[in-house]
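K.L.:
3D model of this:
(one chain, ligands or ions: 1)
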Amino acid sequence: MVQIEVDHVTKRIHKNTVLQDVTAVMHEGRIYGLQGVNGSGKTMLMRMIIGLIRPSEGRVSINGRVLGKDIEFPESIGFLLENPAFLGRYSGFDNLNMLAGIRRLAAPEQIRESIRAVGLDPMDRKKYRKYSLGMKQRLGIAAAIMEAPDIVILDEPTNALDEAGIGLVKGILTEQKQRGALVIVSCHDIGILKELSDEIFRLDAGRVVEHLCLDSAQ
Ligand SMILES: Nc1ncnc2c1ncn2[C@@H]1O[C@H](COP(=O)(O)OP(=O)(O)OP(=O)(O)O)[C@@H](O)[C@H]1O
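P.N.:
Numbers count the residues shown, from 1 in each chain. So this is what the prediction gives:
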């Protein structure tokens, strides 16, 4: 059972309020879409849930445990934020294998499986620095899902992807949801977001201005 509770979270950076009184409850087996114009706070909210930044007011808890108090980071999470830090001189598989080595939660076959899932070849020895933008994006998604985490957070996963890549991402998100993960995704294409999401939070200037329930299962 996975539950994320964002409880009246406000975040101020210098004199800028980047999140304002945001409240949201999220559950496993569902896809939550974050919608909003550039600078509306989508990435900040994701960073807050990942535990990379702390609220100025309010709190975020994962399964009842407060981030920054009871735990530093969610126990089981995979994410893609802009510009994943892969090493240019290694192949896609080698990069993921090194990352997996930190926690030892993904076996080599699982890594190969997630590389295949994003439409890349796990046996391709091409160095990451020679990857196209779309290939880099695909590898970032593979890294986020390879450990089959309870929570999957993808910031603009369809960026730089062609039609086939977008199709793959849609399939991957649905698969993650079906295996019971709690998925949070942002996307500037409202059509894609509506198609995928069970619920959408629309942000504007750091506030949730709309909460849509689209639950296709109901
Ligand atoms: N490192 C930072 N320091 C201070 N302010 C920041 C920082 N990063 C982002 N911001 C500000 O926080 C606000 C929210 O930005 P955020 O990146 O969450 O927007 P977003 O909705 O993800 O936008 P986009 O669609 O462009 O990705 C913006 O006003 C932005 O200028």
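K.L.:
Can you give me the distance of Gly101 to Gly191?
P.N.:
39 Å (C-beta to C-beta, to the nearest Å). To be clear about C-beta, it is placed using only N, CA and C from the backbone, and glycine gets the same treatment.
K.L.:
again with Ala106
P.N.:
Per C-beta to C-beta, Ala106 is found 32 Å from Gly191.
K.L.:
Looking at the two, which has the bigger crowd around it?
P.N.:
Higher neighbour count among Ala106 and Gly191: Ala106, with 23 against 8, using other C-beta atoms under 10 Å.
K.L.:
Quick one: residues contacting that one.
P.N.:
Residues in contact with Ala106 (C-beta atoms under 8 Å, 6 or more residues apart in numbering) are Leu96, Ala100, Ser114, Met146, Glu147, Ala148.
K.L.:
redo that, cut-off 10 Å
P.N.:
Counting by C-beta atoms under 10 Å, 6 or more residues apart in numbering, Ala106 touches 78, 96-97, 99-100, 112-114, 143, 145-149.
K.L.:
can you pull the contacts of the residue nearest the centre of the chain?
P.N.:
Nearest to the mean C-alpha position of the chain, counting by C-alpha atoms, centre = their mean, stands Ile153 at 1.4 Å. Ile153 makes contact with 4, 32, 34, 45-47, 49-50, 74, 77-81, 144, 182-186, according to C-beta under 10 Å, 6+ apart.
K.L.:
what kind of secondary structure is it in?
P.N.:
Per DSSP: H, G, I helix; E, B strand; the rest coil, the secondary structure class of Ile153 is strand.
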